[in-house]
Structures are given as structure tokens and as C-alpha cells.
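Engineer: Quick one: sequence plus predicted model below, questions after.
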Amino acid sequence: MNQLSNRKPNSVMDENAKGQIRQSNEALILEAAERVFAGAGFGGATMAAIADSAGLPKANLHYYFGSKQELYRAVLAHTLQDWLEPTHGIVPEADPRTAIERYIRDKMALSARRPHASKVFANELLHGAPVVRNLLTTELRALVRDKAAVIDGWIAAGKVAPVDSVHLFFTIWAATQTYADFDVQVCAVLGRVELGAKDYQRATEHVVSLLLRGCGLGE
């Protein structure tokens, strides 16, 4: 009886440890894949290069992701999921200024933290979105419709200035992702080798102020 009761917790602990290792390795691989896909494109990227970037044996990549196509799709899906998660705060009962400002700040933070992911996604769109088109026309479209309806409700209640709620999202995406997708251009104009924390802070305050004022929520 005691032996059986001892085995069960150990088994659970083993499974938990394996799950944590799997999550850690998958995150490591996805981060490396973002860097390699951003630099070489899908055609130029190789599983060997991604493995080297991740510091893992190539066999590990194939264990977690069966092919380059599968890994590329996972990078895109993971990126879109992380971009959309901050919209969860845009709900009818929320304060409009707080919700919209938080979304903008979160998107800017993602551009600063994961610029390679943004570039991979942008390149996918520039090539006609052959892999993520279905996600764009289903999940993304449905979410934007839902969140735009919330903003329309705020507009009707006089809490937000009249704006095109759907195009507001396009504007937020363009304004925030440009610092990742076109960082070379931004750096050239600012005279920087790369964008630093102070550059992103300056850019964030500018984008937040500009967009909030456009929504009638500025100070």
C-alpha cells in the first residue's frame, strides 16, 4: 500500500518535470526559429541553422517539430496569439482610455521584445499569407469584429470620439510594428546602430499620446 502511494506522486512529479522541459525546449526552439526565419526567410532557413541558434541537437527540433514547415507555422501562430492576447482587456465594462492605452503599450513592448517574430509575420503577409490566410480570415477577423463592436459601443455612449473602430486596429498595428519591421529605417533616421530601451520608451509615449488624442482620450 505504501509502495503504491509513493509511486503515484513520483510519477506525477516526473510528468510535470517532463512537461516543463518540453515547454522550455519548445520556447527555445521558437525563439531561435524567429531569428533564423527573420534573417534568411523561409526558403533560406534550415533546421540545422535553427538548431545551432537554439543550441540544441538537430534531432531535438524534429522531435518537437516534424518539419521546417511545421515549425514555421508554429512561429506564425504563436506570434499572432501573442499579438491578440492584449486585446482581452477591450471589453464593454472597461475604461476606454485604460484599455486602449494598455493595448498600445503591450503591442509596443512586443515589438521591442520580439522584433524577429514581427518581421517573420510581416514577410509572410508580403508574400500573400499562404500559411496564415485561414487564421486571418477566421480568428483574426472575428476578434477584430468583436473588439470593434466594443469600441463602437463606447462611441455611442460618448466615451470615445467618433473613429472607424476597425481601421483603428490597423493604425495601431502599423504604428507599433513599424519599430520592429522597419527598424533599419528608424535607426538610420535616428542615427542609431540599433534601437535601445530609451528609443522604445520615446516611441511608445509618442504613439500612445497620438492615438489616444485621435480617440478623444488625450489629456
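Structural biologist: Received, thanks.
Engineer: what's the distance between residue 84 and residue 199?
Structural biologist: According to Cβ to Cβ, to the nearest Å, residue 84 stands 26 Å off from residue 199. In this view, the C-beta of every residue, glycine as well, is placed from N, C-alpha and C.
Engineer: Between the two, tell me which one has more neighbours.
Structural biologist: Using other Cβ atoms under 10 Å as the criterion, residue 84 and residue 199 rank with residue 199 on top: 17 against 14.
Engineer: any idea how far the more buried one is from residue 208?
Structural biologist: Distance from residue 199 to residue 208, by Cβ to Cβ: 15 Å.
Engineer: How about residue 89?
Structural biologist: Here the criterion is Cβ to Cβ. By it, residue 89 lies 15 Å from residue 208.
Engineer: Between those two, which has more neighbouring residues?
Structural biologist: Higher neighbour count among residue 89 and residue 208: residue 208, with 20 against 16, using other Cβ under 10 Å.
Engineer: Secondary structure element for that one, which one?
Structural biologist: Per DSSP states H and E, residue 208 falls inside helix 197-214.
Engineer: Tell me which other helices or strands that helix touches.
Structural biologist: helix 96-113, helix 165-181 (3 or more Cβ pairs under 8 Å, 6 or more residues apart in numbering; DSSP states H and E).
Engineer: Dump these into TSV; add distance to residue 128 as well.
Structural biologist: Putting the helices and strands packed on helix 197-214 into TSV (distance: least, Cβ to Cβ, whole Å) gives the following:
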stretch	distance to residue 128
helix 96-113	23
helix 165-181	17
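Engineer: In CSV: the ones you listed, plus mean pLDDT.
Structural biologist: Formatted as CSV, the helices and strands packed on helix 197-214 follow (pLDDT from 0 to 100):
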stretch, mean pLDDT
helix 96-113, 96
helix 165-181, 97
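Engineer: so where do the strands sit in this protein?
Structural biologist: Remark: no strands are assigned in the chain by DSSP state E.
Engineer: in this structure, which helix or strand is least confident?
Structural biologist: helix 2-44 (a mean of 75; mean pLDDT, DSSP states H and E).
Engineer: Minimum distance to residue 143: which of the helices and strands packed on helix 197-214 has it?
Structural biologist: Among the helices and strands packed on helix 197-214, the nearest to residue 143 by Cβ to Cβ is helix 165-181 (9.3 Å).
Engineer: That closest one versus helix 96-113: what angle between them?
Structural biologist: Counting by axes from the mean of the first three to the mean of the last three Cα atoms, to 10 degrees, helix 165-181 lies at 30 degrees to helix 96-113.
Engineer: Contacts for helix 165-181, please.
Structural biologist: By Cβ atoms under 8 Å, 6 or more residues apart in numbering, the residues outside helix 165-181 that reach it are 103-104, 107-108, 110-112, 114-115, 117-119, 122, 144-145, 147-149, 151-152, 155, 186, 195, 200, 203, 207, 210-211, 214-215.
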